[in-house]
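Okay, here's the prediction I keep looking at, along with the sequence it came from:
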Amino acid sequence: MNRFPHTSSRAVSGFTLLETILALGVTFLIVTAAFGVVNSCLELGEAVKTSRSTREDSAAVEDIFRSFFSSLPQTAVLECKLSGSQSAALAEIRIQNAPALAGSFLSPGPNEVLVIQTTEEPGGYLRLSVGVSEGQIGNPRPGPVSGFAIAGHISTCRWRFFQADRNEWQDKWAANMGRPRFVELTFAQTTKTPERWVFPVPVFVAGGNPQAPQNPDGNPPDPDPNAPRDPNRPDRPGRPNPGDGPNGTGSEGSQQR
């Protein structure tokens, strides 16, 4: 008897087109989610790095000027002139017989003055620079100021000087006003909250002997009500901490760091 070979239908192994499309869709969603997580982590890391760099810049600015103003010799003469608009005043502080600033990088000679100035930079921000210029206070010589920038991308940079005999803060300072008892700097980079630092200035009497501080507790008086408020003490606008006095080393700004 002839037997015909038995033919059986076997299922073909593999994925259908629908299954392939679904698998690709799920893979795409997973990759997209993973990319979003990685991108968010990178952005967070960059933000932390920028914030840390800004804090370091602010700390460097505070340390430089706190050390500088506390070491002004008896023969130092200071003046400050303003230019620009009232909302964006540009200050130029000129100091004769000034000590070296930032170590030994800037050490003005006998016929030179140290210049601390704010200038405009692109984007509406300010730049804080220090340099040396020829001439003396009252007899300046025309020419560029040779120096370097301490900080840039500054949104707030305001100097004030405390006149002890009038018990007032002054935005400008003339050489014939003597020397300020305190120097104040309100400083902020980009959109950060402004920090207020108060630097004590040594006061001398004839013969070079240190004079007792004019404020017994070593603190400058309260500034005007428009000064930046301390978020921890909203009832006391801009008042420096006890460390801001002649015997202290701290400031409101340093506590925020």
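That came in fine, so what should we check first? Numbering: from 1, shown residues only.

Could you list the low-pLDDT ranges of the stretch 51-200 of the chain?
Scanning the stretch 51-200 of the chain for pLDDT under 70 picks out 51-55, 86-87, 102-105, 142-144.

Distance check, the residue lying closest to Ser107 once chain neighbours are set aside against Ser67.
In space, Ser107 comes closest to Ala100 once its chain neighbours are excluded; the distance is 4.0 Å by C-beta to C-beta, 6 or more residues apart in numbering. In short, each C-beta sits where N, CA and C put it, glycine included. The gap separating Ala100 from Ser67 is 10 Å, by C-beta to C-beta, to the nearest Å.

got it, and Glu134?
Counting by C-beta to C-beta - Glu134 and Ser67 are separated by 25 Å.

can you give me the strands in the stretch 151-257 of the chain?
168-170, 182-189, 195-200, 229-230, 233-237 (DSSP state E, counting those that start in this stretch).

Any idea which of those strands gets closest to Ala89?
With C-beta to C-beta, the closest approach to Ala89 among the strands of the stretch 151-257 of the chain belongs to strand 182-189: 11.7 Å.

Direction included, what does the closest one pair against?
strand 146-163 (antiparallel), strand 195-200 (antiparallel) (DSSP bridges).

just so I have it, where are all the strands in the stretch 1-150 of the chain?
So, for the stretch 1-150 of the chain - with DSSP E, counting those that start in this stretch - the strands run 77-84, 89-96, 112-121, 125-136, 139-140, 146-163.

now those strands in a markdown table, with mean neighbour count and distance to Val203?
Formatted as a markdown table, the strands of the stretch 1-150 of the chain follow (neighbours: other C-beta atoms under 10 Å; distance: least, C-beta to C-beta, whole Å):
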| stretch | mean neighbour count | distance to Val203 |
| --- | --- | --- |
| strand 77-84 | 17 | 13 |
| strand 89-96 | 20 | 16 |
| strand 112-121 | 20 | 20 |
| strand 125-136 | 18 | 22 |
| strand 139-140 | 10 | 26 |
| strand 146-163 | 18 | 11 |
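
For Leu22, find the nearest of those strands.
strand 146-163 (50.3 Å).

Can you show me the CA trace of that closest one as PDB?
Taking C-alpha atoms only, strand 146-163 is exported to PDB below (Å, rounded to 0.1, in the frame of the first residue of the first chain):
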ATOM      1  CA  SER A 146      46.800  99.300  34.900                       C
ATOM      2  CA  GLY A 147      45.400  96.400  37.000                       C
ATOM      3  CA  PHE A 148      43.000  93.500  36.800                       C
ATOM      4  CA  ALA A 149      39.300  92.600  37.500                       C
ATOM      5  CA  ILE A 150      38.400  91.100  40.800                       C
ATOM      6  CA  ALA A 151      34.900  90.000  39.900                       C
ATOM      7  CA  GLY A 152      32.500  90.300  37.000                       C
ATOM      8  CA  HIS A 153      28.800  89.700  36.200                       C
ATOM      9  CA  ILE A 154      27.900  91.900  39.200                       C
ATOM     10  CA  SER A 155      24.300  93.100  39.600                       C
ATOM     11  CA  THR A 156      24.900  95.200  42.800                       C
ATOM     12  CA  CYS A 157      28.000  97.000  43.800                       C
ATOM     13  CA  ARG A 158      27.500 100.000  46.100                       C
ATOM     14  CA  TRP A 159      30.100 101.600  48.300                       C
ATOM     15  CA  ARG A 160      29.400 103.900  51.300                       C
ATOM     16  CA  PHE A 161      31.600 105.600  53.900                       C
ATOM     17  CA  PHE A 162      30.700 106.300  57.500                       C
ATOM     18  CA  GLN A 163      31.400 109.900  58.600                       C
END
